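A.B. asks: turn this into a structure:
(2 chains)
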There are 2 protein chains.
Amino acid sequence: MRYELFYWPGIQGRGEFVRLALEEAAADYVDVARKDDGAALMRLLDGDKVDRPPFAPPFLRAGKLLIGQTANILLYLGRRHGLAPASEAGRIWTHQLQLTMSDFLVEIHDTHHPISGSLYYQEQQPEARRRAADFRKTRLPKFLGYFERVLERNASGDRYLFGGRLTYADLSLFQLIDGLRYAFPQAMKRLAKRHPKSIGVHDRVANRQRIAAYLSSERRIPFNQSGIFRCYRELDG
Amino acid sequence: MRYELFYWPGIQGRGEFVRLALEEAAADYVDVARKDDGAALMRLLDGDKVDRPPFAPPFLRAGKLLIGQTANILLYLGRRHGLAPASEAGRIWTHQLQLTMSDFLVEIHDTHHPISGSLYYQEQQPEARRRAADFRKTRLPKFLGYFERVLERNASGDRYLFGGRLTYADLSLFQLIDGLRYAFPQAMKRLAKRHPKSIGVHDRVANRQRIAAYLSSERRIPFNQSGIFRCYRELDG
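C.D. replies: Numbering: from 1, shown residues only, chains lettered A, B, ... in the order given. Alright, predicted model coming up:
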């Protein structure tokens, strides 16, 4: 089965968490919107013939299924491609970690858009400065500290978030750290020392054969100032 | 099995979505933090002996499992108590709707806390006014319109979000509408006409025997100004 991934062309965004899982699984997929500049994506979002319309991208066509919500897509792909634990307890826990990363991602996004996604960054810059300062001081250390603690307490060692094997949650932690380093280079440099195990997961994922090949390919869209992770010097520090 | 629900005492918050499912299922549960003022909850959150620590409440103890993240808890309870579809496609779709409601809830919360959860509302009131104005104008109609569309397109009729039977997603839609009416009475009064099917779900859920009994019991904490849904006249309109 060839998967069809629908996500805004031009940014990594939430679609990237799905791409990383598809790449690691060596799954057959097409990144639809990058071929047609979003035309089919818009038809599925706004068309009146879609029985179960997604609220927003990313969504994945898998045979007859059209699955929306990043964590939901990963829950589906994880089981099918050996990227999730076999036990129910492990699957629930991995999904829980992914949902916590989804929450983290919203807060990362809102550092540059604290008022509205319909306004430009420049139209909400004073508010963004204030929100980003709080994010760097309280939220960023809280979330990073949490995942570090999860790694410390993994009874099978600290190489992966759960057990002794990679899951989609490790791929997502890689993406978060990679994006945070792009968006908040100074803050992340300061915090790196306190989060060696999370940085370890980042590096271990980056060096996996399929992921390394993907990252150096043209399929990996570079970080840029339209994405979720944006680098504004005045928001870092 | 007696479930143990852990959530901040004194507010409905995210815990309420779990309570509604437990009540509708007539499940045996104890609302732990309301008995001990949060002592056991804090031990699980901050204790260093928890193998798989949750990031934040709510979390549910179910036998050996400690499950965090509202939508994850509902995914678990739904299957066990007949509050989720039997088919995989139906379960994935119901979870997708729940995750979209989680996103909606974050935006509702951030109308009064657009800068930081560590600051009082009064310390971020100008930003809150701006964010709430955008929320009323763009986000509230977008989310409500989405769930209305989902009801319109349900091939089994518009009584429930999926199929012809209640799922936990209907309980959650009830809670969202109930909370929005408390927080934004004027805006919701204007919008009610355009969303009759969603209001229908709200009323249908409110009138279910177990839910009606719950809502009129002391187990239902009233909406208040410490919760996610808060009524500030200057944010409505």
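A.B. asks: how far does stretch A:151-167 stretch from one end to the other?
C.D. replies: The first residue of stretch A:151-167 is 13 Å away from its last residue (Cα to Cα, to the nearest Å).
A.B. asks: the helix or strand bottoming out on mean pLDDT in chain A - contacts with which helices or strands?
C.D. replies: Least confident element among the helices and strands of chain A, by mean pLDDT, DSSP states H and E: helix A:39-46 (a mean of 93). Using 3 or more Cβ pairs under 8 Å, 6 or more residues apart in numbering or on different chains; DSSP states H and E as the contact test, the elements touching helix A:39-46 are strand A:3-6, helix A:32-36. Just so you know, the C-beta spots here come from the backbone N, C-alpha and C atoms, and that holds for glycine as well.
A.B. asks: Serialize the ones you listed to JSON lines and add fields for distance to chain B, mean neighbour count and mean pLDDT.
C.D. replies: Converted to JSON lines, these look like this (distance: least, Cβ to the nearest Cβ, whole Å; neighbours: other Cβ atoms under 10 Å in any protein chain shown; pLDDT from 0 to 100):
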{"stretch": "strand A:3-6", "distance to chain B": "14", "mean neighbour count": "22", "mean pLDDT": "98"}
{"stretch": "helix A:32-36", "distance to chain B": "19", "mean neighbour count": "17", "mean pLDDT": "95"}
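A.B. asks: contacting residues for A:Gly47?
C.D. replies: A:Gly47 makes contact with A:Pro53, according to Cβ atoms under 8 Å, 6 or more residues apart in numbering or on different chains.
A.B. asks: any buried residues in the least confident helix or strand of chain A, and which?
C.D. replies: A:Ala40, A:Leu41, A:Leu44, A:Leu45 (16 or more other Cβ atoms under 10 Å in any protein chain shown).
A.B. asks: now swap in stretch A:134-146 and tell me
C.D. replies: Applying 16+ other Cβ under 10 Å to stretch A:134-146 flags A:Asp134, A:Phe135, A:Arg136, A:Arg139, A:Leu140, A:Pro141, A:Phe143, A:Leu144, A:Tyr146 as buried.
A.B. asks: same list, the residues you listed, but as a markdown table with pLDDT, secondary structure and distance to A:Leu215 please.
C.D. replies: Formatted as a markdown table, the buried residues of stretch A:134-146 follow (pLDDT from 0 to 100; DSSP: H, G, I helix; E, B strand; the rest coil; distance: Cβ to Cβ, whole Å):
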| residue | pLDDT | secondary structure | distance to A:Leu215 |
| --- | --- | --- | --- |
| A:Asp134 | 98 | helix | 32 |
| A:Phe135 | 98 | helix | 26 |
| A:Arg136 | 98 | helix | 26 |
| A:Arg139 | 98 | helix | 27 |
| A:Leu140 | 98 | helix | 24 |
| A:Pro141 | 98 | helix | 27 |
| A:Phe143 | 98 | helix | 23 |
| A:Leu144 | 98 | helix | 22 |
| A:Tyr146 | 98 | helix | 26 |
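A.B. asks: give me the subset of those residues touching chain B.
C.D. replies: A:Asp134, A:Phe143, A:Tyr146 (Cβ under 8 Å from any Cβ of the partner chain).
A.B. asks: my read: the first one touches B:Pro114, true?
C.D. replies: It refers to A:Asp134. No. Judged on Cβ atoms under 8 Å, A:Asp134 makes no contact with B:Pro114 at a distance of 10.6 Å.
A.B. asks: still on that earlier bit, which residues are in contact with the least confident helix or strand of chain A?
C.D. replies: Counting by Cβ under 8 Å, 6+ apart, A:Phe6, A:Tyr7, A:Trp8, A:Val32, A:Ala33, A:Val50, A:Pro53, A:Pro54, A:Ala56, A:Pro57, A:Phe59, A:Leu66 sit against helix A:39-46.
A.B. asks: need the buried ones from the residues you listed selected in PyMOL.
C.D. replies: Buried subset of those, written as a PyMOL selection, criterion 16+ other Cβ under 10 Å:
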select buried, chain A and resi 6+7+8+32+33+53+54+56+57+59+66
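A.B. asks: list just the nearest of the contacts of helix A:39-46 to B:Glu16.
C.D. replies: Within these, the smallest distance to B:Glu16 is 24.6 Å, found for A:Ala56 (Cβ to Cβ).
A.B. asks: contacts only, for the closest one.
C.D. replies: A:Ala56 sits next to A:Leu45, A:Gly68 when contact means Cβ under 8 Å, 6+ apart.
A.B. asks: do you know the pLDDT at it?
C.D. replies: pLDDT, A:Ala56: 98.
A.B. asks: what do you get for the one 3 residues further on?
C.D. replies: Reading off the per-residue confidence, A:Phe59 sits at a pLDDT of 98.
A.B. asks: so what's it closest to, chain neighbours aside?
C.D. replies: Using Cβ to Cβ, 6 or more residues apart in numbering or on different chains and skipping residues adjacent in sequence, the residue nearest A:Phe59 is A:Gly68, 4.2 Å away.
A.B. asks: show me how far the top helix by length along chain A is from its chain's centre.
C.D. replies: Counting by DSSP state H, the longest helix found in chain A is helix A:88-112. Helix A:88-112 sits 9 Å away from the centroid of its parent chain (Cα atoms, centre = their mean, to the nearest Å).
A.B. asks: one more: stretch A:106-125?
C.D. replies: With Cα atoms, centre = their mean, you get 18 Å for stretch A:106-125.
A.B. asks: which stretches of chain A have low pLDDT?
C.D. replies: Along chain A, the model assigns pLDDT under 70 to no residue.
A.B. asks: do a quick rundown of the helices in it.
C.D. replies: A:15-24, A:32-36, A:39-46, A:70-80, A:88-112, A:125-134, A:140-153, A:168-183, A:185-192, A:196-206, A:209-215.
A.B. asks: quick check: which of the ones you listed is nearest to B:Met188?
C.D. replies: helix A:88-112 (23.8 Å).
A.B. asks: OK, contacts around the nearest residue to A:Ala183 once chain neighbours are set aside?
C.D. replies: In this structure, A:Ala183 finds its nearest non-sequential neighbour in A:Phe229, 4.2 Å apart by Cβ to Cβ, 6+ apart. Residues near A:Phe229 by Cβ under 8 Å, 6+ apart: A:Gln12, A:Ile108, A:Gly179, A:Leu180, A:Tyr182, A:Ala183, A:Phe223.
A.B. asks: do I have it right that the first one meets A:Ile221?
C.D. replies: Yes. Under the criterion of Cβ under 8 Å, A:Gln12 makes contact with A:Ile221 at 5.3 Å.
A.B. asks: who has more neighbours, these two?
C.D. replies: With neighbours defined as other Cβ atoms under 10 Å in any protein chain shown, A:Gln12 and A:Ile221 compare such that A:Gln12 has more, 24 against 19.
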